[in-house]
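A.B. asks: Okay, predicted coordinates and the sequence, questions at the end:
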Amino acid sequence: LSIFRDSRDNLWLGLDNGIDYIQLESPFTTLGPASGIDGTGYAAVFHQNKLILGTNQGLFERNQNKNRGLEFQKIPGLNGQVWCLDSHNERLLIGHHNGLFSFEKGQITKISPDAGVWKLIRLSSNPDYLIAGTYTGLSLYHFSESNQNWEFIKQLEGFDESARVLEEDKDGNIWVSHVYKGLYKISLDLQNFEISSVKFYNSNNGLPDDLRINVGKIREEVVFATPKGIYRYETASDSFLAHESFTEIIGADVVVD
């Protein structure tokens, strides 16, 4: 019955049964069944100029016909839960409930015996190696120049916790956060394909709590989200301190997930 454009170029509509607001300038678009996507979204990646999405029902890629808008079609050959997607050495790697898979030229190939892969980290100290966080610990992969593909080396002994949340720091350590147990720092010996040490951290090491500690990266710095703000690790004291920069921005004692 009436229409009004506001100062931000969004629309207000007067209807028979109330008022509707259309946010024309929103940078967000909801993708779902109407776009050809089935399931709950978990991962997304640009691979060879294609947008590929991973859901709990498999893989979907954007229709390359530009006149079709945001329409997606399912990639055949892999059903079920996709946890992560990474594009490495021109191949798409798929962390899946049933292990690690590669996707190239329309073909999906399983490349690991892992039960499930949460996340992949390409080691900055040696980019030809990948660490996979799995349901039962960490696994190591190497890129074969002869086969031009990633190859499974072994599951690393000495750490068998579920490794869903993990990051590599500037010294090559792998930090693994377990929401119900605490935080682990894992040092690697790539020459012998093994874990050289595992150290557990909790509130005895400066963290404000034993649980709900998450690890992430912001501008290549590994930081730790806690129920009381963001913390950083200090190598000299082997302990944790409130991160000064982020505390200044968001304050202390703020729950950060």
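C.D. replies: Structure received.
A.B. asks: Return the alpha-carbon coordinates of stretch 30-39 using PDB.
C.D. replies: Output of stretch 30-39 as PDB, limited to C-alpha atoms (Å, rounded to 0.1, in the frame of the first residue of the first chain):
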ATOM      1  CA  THR A  30      21.000 -16.600   2.400                       C
ATOM      2  CA  LEU A  31      21.800 -19.700   0.400                       C
ATOM      3  CA  GLY A  32      19.700 -22.900   0.900                       C
ATOM      4  CA  PRO A  33      17.400 -25.300  -1.000                       C
ATOM      5  CA  ALA A  34      16.100 -22.600  -3.300                       C
ATOM      6  CA  SER A  35      19.800 -22.200  -4.500                       C
ATOM      7  CA  GLY A  36      20.200 -25.900  -5.000                       C
ATOM      8  CA  ILE A  37      22.100 -26.500  -1.700                       C
ATOM      9  CA  ASP A  38      21.000 -29.400   0.600                       C
ATOM     10  CA  GLY A  39      21.900 -29.600   4.300                       C
END
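A.B. asks: from the middle of its chain, how far away would it be?
C.D. replies: In terms of Cα atoms, centre = their mean, to the nearest Å, the gap separating the centre of stretch 30-39 from the centre of its chain is 21 Å.
A.B. asks: show me the contacts for the residue sitting furthest away from the middle of the chain.
C.D. replies: Distance from the C-alpha centroid of the chain, by Cα atoms, centre = their mean, peaks at residue 1 (46.3 Å). Shown in contact with residue 1 (Cβ atoms under 8 Å, 6 or more residues apart in numbering): 14-16. (Glycine included, C-beta is placed from N, CA and C.)
A.B. asks: Most neighbours among these, which one is it?
C.D. replies: Within the contacts of residue 1, neighbour counts (other Cβ atoms under 10 Å) peak at residue 14, which reaches 11 neighbours.
A.B. asks: Please determine how far the residue farthest from the centre of the chain is located from residue 116.
C.D. replies: 54 Å (Cβ to Cβ, to the nearest Å).
A.B. asks: Ok, residue 182 next?
C.D. replies: Going from residue 182 to residue 116 by Cβ to Cβ gives 22 Å.
A.B. asks: Please apply the same query to residue 184.
C.D. replies: From residue 184 to residue 116 the distance is 19 Å (Cβ to Cβ).
A.B. asks: And residue 164, by the same measure?
C.D. replies: Where residue 116 is concerned, residue 164 sits at a distance of 10 Å (Cβ to Cβ).
A.B. asks: can you check residue 91 too?
C.D. replies: From residue 91 to residue 116 the distance is 20 Å (Cβ to Cβ).
A.B. asks: ok, now which ones touch residue 116?
C.D. replies: Residue 116 neighbours (Cβ under 8 Å, 6+ apart): 83, 95-99, 134-135.
A.B. asks: These in strands, which ones?
C.D. replies: Among the contacts of residue 116, the ones falling in strands (DSSP state E) are 83, 95-96, 99, 134.
A.B. asks: Turn those into a markdown table, columns for distance to residue 47, pLDDT and neighbour count.
C.D. replies: Below are the ones in strands among the contacts of residue 116 laid out as a markdown table (distance: Cβ to Cβ, whole Å; pLDDT from 0 to 100; neighbours: other Cβ atoms under 10 Å):
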| residue | distance to residue 47 | pLDDT | neighbour count |
| --- | --- | --- | --- |
| 83 | 16 | 98 | 21 |
| 95 | 14 | 97 | 26 |
| 96 | 16 | 97 | 25 |
| 99 | 19 | 95 | 20 |
| 134 | 22 | 96 | 25 |
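A.B. asks: which one of these sits closest to residue 189?
C.D. replies: residue 134 (19.1 Å; Cβ to Cβ).
A.B. asks: Could you list the residues in contact with stretch 37-47?
C.D. replies: Residues from elsewhere that reach stretch 37-47 (Cβ under 8 Å, 6+ apart): 31, 51-58, 60, 72, 74, 81-87, 92, 95, 103.
A.B. asks: let's go with 7 Å and repeat that
C.D. replies: Residues from elsewhere that reach stretch 37-47 (Cβ atoms under 7 Å, 6 or more residues apart in numbering): 31, 51-57, 60, 72, 82-87, 92.
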